[in-house]
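>>> Sequence unavailable; structure follows:
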């Protein structure tokens, strides 16, 4: 836990302005992005403080898969069922504003605005899927 990290505080329910969405994985939390790039834009975050996506190793594959499953489940619970029109990924440092691992879940990807299509471009220099 890093008390200076806003995502650590959100995960511990210490940020009353951020509502957590129902999540069936006790090691992860999910909430809406404060600057949504799509009609559905959620962040899936490990409760335990982890660095950004550059710190991921082979042993973290199950964690990333669980993060993706939580993202899909949240979309389904929020009445979005076209899982072929979803973009999920991580901002690559130095282009991530919070140094705590977080998966962006955006849907429908076909409705991303002009800037969001750039900012969340598939496997770009700054965003990896």
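Great, that's in hand. All values derive from a computational prediction rather than experimental measurement.
>>> Helices of this protein, start to end?
6-11, 61-77, 114-119 (DSSP state H).
>>> name the helices or strands packed onto the first one?
If I follow you right, that is helix 6-11. With contacts taken as 3 or more Cβ pairs under 8 Å, 6 or more residues apart in numbering; DSSP states H and E, helix 6-11 sits against strand 28-32, strand 40-46. Heads up, the C-betas are built off the backbone N, CA and C, glycines and all.
>>> and the angle for the shortest one with helix 61-77?
In this structure, strand 28-32 runs at an angle of 40 degrees to helix 61-77, with axes from the mean of the first three to the mean of the last three Cα atoms, to 10 degrees as the basis.
>>> Over to the longest one?
Strand 40-46 runs at 150 degrees relative to helix 61-77, counting by the same axes, to 10 degrees.
>>> Give me the distance from strand 40-46 to the chain's centre.
Mean C-alpha position of strand 40-46 versus that of the full chain (Cα atoms, centre = their mean, to the nearest Å) differs by 3 Å.
>>> One more: the shortest one?
Relative to the chain's own centre, strand 28-32 is displaced by 7 Å; criterion: Cα atoms, centre = their mean.
>>> okay, the helices and strands packed on helix 6-11 in JSON lines with mean pLDDT, distance to residue 77 and mean neighbour count next?
Shown next, in JSON lines, are the helices and strands packed on helix 6-11 (pLDDT from 0 to 100; distance: least, Cβ to Cβ, whole Å; neighbours: other Cβ atoms under 10 Å):
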{"stretch": "strand 28-32", "mean pLDDT": "97", "distance to residue 77": "10", "mean neighbour count": "20"}
{"stretch": "strand 40-46", "mean pLDDT": "97", "distance to residue 77": "10", "mean neighbour count": "23"}
